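>>> I would like to see how this sequence folds:
(2 chains)
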Amino acid sequence: MVNLTDDEKRILQGEEGHVKQACMEYLVEYCQVAGAERLVDLDGTGDMHTPTTSSSSFFPIEMAELEQLANDGVQFKIPTYANKAPFGELTPVHGWEHCNMCCGRGPERHDDPDFHVKASHEDFYKIFRKMGLMTTFSCANYLTMTYWPSVGQHCSWFESSQIPYCNATLGARTNIDGGLATCLLGKAPYYDMHITENRYGTVLVETDRLIKSDVEWDVYGFAIGEACNVDVPVVTGTSRPTTTQYEKFNSAVSTGGAVRMYHLPGITPEAPTIEFATGGKKFARQVMLDNSVLKATYETLNFHTSDDVDLVYLGCPHLNMVDLLLLSRKLEGKKCKVPLWIMTTPWIYNAAKEHGYVDIYEKAGAHLMSGTCLAAMGTVPEGVRNVAVDTSKQAFYVTGCYPDDDNRLQVCYGSSDDCVDAALTGKWHGEWR
Amino acid sequence: MKKIRINGRTEYPGCVEAEALVSPKPLQGFTNCSPMNGYTVERRHPLFKVKYTGKVLVYPSPRGSGGFVAYGFGQTPAAFVHTKACPLTVSCALLSHIPSMTDFETDPMEVIETGDMVLVNADEGYIEITKREAGD
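Coordinates of the predicted model:
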């Protein structure tokens, strides 16, 4: 039974037009599936994958209806940002001309200028920008939101790596439901991470080494995901994470598992102490992820028989400005032996260009790109059979694009420095240290 | 024939009976699910390339990307049965309209084996398992 307010009932009856009615019908069905008894008014931000005209194919909305809505001045109810580049082509915003590869498994190519125009779906974005969508085109659009939700604010985000960023890092509240319906109406089913009780930690995670480097945060995150699954861990044994480490950790816990929320006692906003993190309750279980577990996890993330690397890919999730600065220092005056692709958000790309990083990369034989993701593009450049990456998320998903025995893709996984070394030497020297 | 009935919570309604395919590990979507072929392509997964199409897909929980919904498209299972729910199972049921159940009084992972027949009565909130005969 879903309890709607009088205003929500009026929308459901179609008094504010068909688009909002279809969105409300979808939200009511969503409540039923989720077991939510009501909707919550959103006061945070939205993150949605685009271009999608409907939240569900069972409640279709036509493009013409949306155009009319935009012309009528209707706006997204909350500040809403576009996730990575348009589905399903997922062509880069910047750097597409370097992509000597097909789009998905079809014949169209990312380096074809005509295809790039088509795959950019400008018609769609013209309408959605009019409604207030900010086209950040990033899986880490929190890097360039410039307007973040505060502790306790209710949001509707979608990208898996952004969910714990919102819930745990920022202390705002979201489920995995950013889309037209939630962002347009400013409402979402009140369940899971919107409810205080569900956010308390139930699993104590410990380790026997101090987690301090980027790769340690990433491996620890993946191992925590595997150990905790859908539960809320209280994570100990770490240093204070940098923004880069938060990016990696949040993407790792939601690849190894489906961790939407965690606590770092003394660090994350809802965990000044372990007692706060658990709501004063006892842990349901404790997990020790010692060095042997982390080493085994590191080895699981590697999937290669050859040390000859064909492509190095950095930027999962999209790199922040400091990552780009550090990379420019490491690559200045050097020459890559194999292609190095560096992925960031389109807005940061422009800043990096102004700072001269793009020139430095290009002189070194590397390319800065923006807005998309190698695994999401679904293919690798022609001739590439072994990719080096520095995040568990990319390491784990990119092989799914090539599952057949005669066409397997190999992955070398390690630190960013191991990846830069592979780009400069063409060889993989990474190991768990 | 031994039948075991377990009550649970319905995510998406419907009533269907089919053979079970049990995944001992969590399932992951996005690039690691091939909806066109109806199987997981997660490397080293026990169900790597094992077809789930038309089966009752039984698994402990989902993990990973919002692209978990891939299991609800293309060559889909007949029904979803999982021990633990989260927004990934919710969106999969919601966007596919395939019967889906969770939160059982007994963990179905401890009862159901691949090849058992499972009636998923999500309209009335239970599953009924007919154990495969020895030697089948």
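>>> all contacts plus neighbour counts: C-alpha atoms, from now on.
Fine.
>>> What residues does chain B have near chain A?
Proximity of chain B to chain A (Cα under 8 Å from any Cα of the partner chain) is limited to residues B:10-12, B:30-33, B:41-43, B:61-66, B:84-88, B:90-91, B:93-95.
>>> So which of those belong to helices?
B:P87, B:L88, B:V90, B:S91, B:A93, B:L94, B:L95 (DSSP state H).
>>> residues near residue 74, how many?
Reading this off chain A. 15 (other Cα atoms under 10 Å in any protein chain shown).
>>> Can you look at chain B instead?
Neighbours of B:G74 using other Cα under 10 Å come to 14.
>>> can you check A:A375 too?
Using other Cα under 10 Å, A:A375 is surrounded by 21 other residues.
>>> again with A:G333
Neighbourhood size, A:G333 [other Cα under 10 Å]: 11.
>>> quick one, what contacts it?
A:I360, A:K363, A:A364 (Cα atoms under 8 Å, 6 or more residues apart in numbering or on different chains).
>>> Now with 10 Å, please.
A:I360, A:Y361, A:K363, A:A364 (Cα atoms under 10 Å, 6 or more residues apart in numbering or on different chains).
>>> if I look at A:N100, how far off is A:D111?
6 Å (Cα to Cα, to the nearest Å).
>>> circling back: mind picking the one among the contacts of A:G333 that's closest to chain B?
A:Y361 (29.4 Å; Cα to the nearest Cα).
>>> quick one, phi psi at the nearest residue to the closest one once chain neighbours are set aside?
Nearest non-adjacent residue to A:Y361, counting by Cα to Cα, 6 or more residues apart in numbering or on different chains: A:H367, 6.1 Å away. Phi and psi for A:H367, reported as degrees, to the nearest 10, are phi -120, psi 130.
>>> pretty sure A:H367 is in contact with A:Y349, am I right?
No. Between A:H367 and A:Y349 there is no contact under Cα atoms under 10 Å: 11.1 Å.
>>> what residues do the two have in common as contacts?
With Cα under 10 Å, 6+ apart as the test, A:H367 and A:Y349 both reach A:H94, A:M343, A:V358.
>>> Tell me the secondary structure of the nearest residue to the second one once chain neighbours are set aside, please.
Excluding its sequence neighbours, the residue lying closest to A:M343 (Cα to Cα, 6+ apart) is A:G315, at 4.4 Å. Assigned by DSSP: H, G, I helix; E, B strand; the rest coil, the conformation of A:G315 is strand.
>>> distance of A:C31 from A:N250?
26 Å.
>>> Of these two, which one has the most company?
A direct count of neighbours by other Cα under 10 Å for A:C31 and A:N250 places A:N250 higher, at 30 against 24.
>>> For the more buried one, which non-adjacent residue is spatially closest?
Distance criterion Cα to Cα, 6+ apart; nearest residue to A:N250, sequence neighbours excluded, is A:S161 at 5.2 Å.
>>> In the stretch 201-350 of chain A, what residue comes closest to chain B?
Closest point on the stretch 201-350 of chain A to chain B, by Cα to the nearest Cα, is A:T255, at 4.1 Å.
>>> burial measure for that residue, as a count.
So A:T255, with other Cα under 10 Å, has 28 neighbours.
>>> Which of A:H367 and A:Y349 has more residues huddled nearby?
Regarding A:H367 and A:Y349, a neighbour count based on other Cα under 10 Å identifies A:Y349 as having more, with 24 against 21.
>>> other SSEs contacting the longest helix seen in chain A?
For chain A, the helix that runs over the most residues, judged by DSSP H, is helix A:18-34. The helices and strands touching helix A:18-34, judged by 3 or more Cα pairs under 10 Å, 6 or more residues apart in numbering or on different chains; DSSP states H and E, are helix A:6-12, strand A:39-41, helix A:63-71, helix A:180-185, strand A:187-189, strand B:9-12, helix B:87-96.
>>> Minimum distance to A:K130: which of the ones you listed has it?
Smallest distance to A:K130 across the helices and strands packed on helix A:18-34 (Cα to Cα): 5.9 Å, for helix A:63-71.
>>> pLDDT weak spots in chain B?
Chain B contains residues with pLDDT under 70 at B:134-136.
>>> Show me the strands in the stretch 201-350 of chain A, by range?
With DSSP state E, counting those that start in this stretch as the criterion, the stretch 201-350 of chain A has strands at A:203-206, A:233-235, A:285-288, A:311-319, A:340-344.
>>> cool, chain B as well?
Remark: strands assigned in chain B by DSSP state E are B:3-7, B:9-12, B:15-22, B:27-28, B:33-34, B:39-40, B:56-59, B:62-63, B:79-82, B:100-102, B:117-121, B:126-130.
>>> Mean neighbour count for those strands - can I get that in TSV?
Converted to TSV, these look like this (neighbours: other Cα atoms under 10 Å in any protein chain shown):
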stretch	mean neighbour count
strand B:3-7	14
strand B:9-12	26
strand B:15-22	21
strand B:27-28	26
strand B:33-34	24
strand B:39-40	24
strand B:56-59	25
strand B:62-63	26
strand B:79-82	27
strand B:100-102	29
strand B:117-121	24
strand B:126-130	20
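>>> who's in contact with A:G256?
So A:G256 contacts A:219-229, A:297, A:392-393, A:396, B:26, B:28, B:63-65 (Cα under 10 Å, 6+ apart).
>>> Kindly recompute the last result at 7 Å.
Contact analysis of A:G256 by Cα atoms under 7 Å, 6 or more residues apart in numbering or on different chains lists A:F222, A:A223, A:G225, A:E226, B:R63, B:G64.
>>> Most proximal residue of the stretch 101-250 of chain A with respect to chain B?
A:S160 (5.1 Å).
>>> how much space is there between the residue nearest to that residue when sequence neighbours are not counted and A:T196?
Counting by Cα to Cα, 6+ apart, B:S65 is the residue found nearest to A:S160 once chain neighbours are left out, at 5.1 Å. Using Cα to Cα, we find B:S65 at a distance of 24 Å from A:T196.
>>> if you count what's nearby, which of the two comes out ahead?
B:S65 (26 against 12).
>>> need the contact list for the more buried one.
Per Cα under 7 Å, 6+ apart, neighbours of B:S65: A:S160, A:S254, A:T255, B:G29, B:F30.
>>> Who wins on neighbours among the residues you listed?
That'd be A:S254 among the contacts of B:S65, by other Cα under 10 Å, with 30 neighbours.
>>> My read is that that residue contacts A:Q162, right?
No. With contact defined as Cα atoms under 7 Å, A:S254 does not count as touching A:Q162 (9.0 Å).
>>> Find the residue at the geometric middle of chain B.
Centroid check for chain B by Cα atoms, centre = their mean gives B:L57 as the closest residue, at 2.5 Å.
>>> residues contacting A:C166?
A:A172, A:R173, A:T174.
>>> I'd like to know which of those residues are part of strands.
Short answer: those have none in strands (DSSP E).
>>> before we move on, back to that, right, and the helices and strands packed on helix A:18-34 - which one's nearest A:T50?
Between those, helix A:180-185 lies closest to A:T50; by Cα to Cα that is 9.2 Å.
>>> ok, the closest one near chain B or not?
No. Residues of helix A:180-185 contacting chain B under Cα under 7 Å from any Cα of the partner chain: none, with a closest distance of 13.4 Å.
>>> Could I get the average pLDDT for that helix?
Averaged over helix A:180-185, pLDDT sits at 98.
>>> And the contacts of that helix?
Under Cα under 7 Å, 6+ apart, the answer for helix A:180-185 is A:C23, A:M24, A:G46, A:S54, A:S55, A:Q75, A:F76, A:K77, A:I78, A:T80, A:S156, A:A188.
>>> Could you list the low-pLDDT ranges of the stretch 151-300 of chain A?
For the stretch 151-300 of chain A, no range has pLDDT under 70.
>>> Understood, closing this out.
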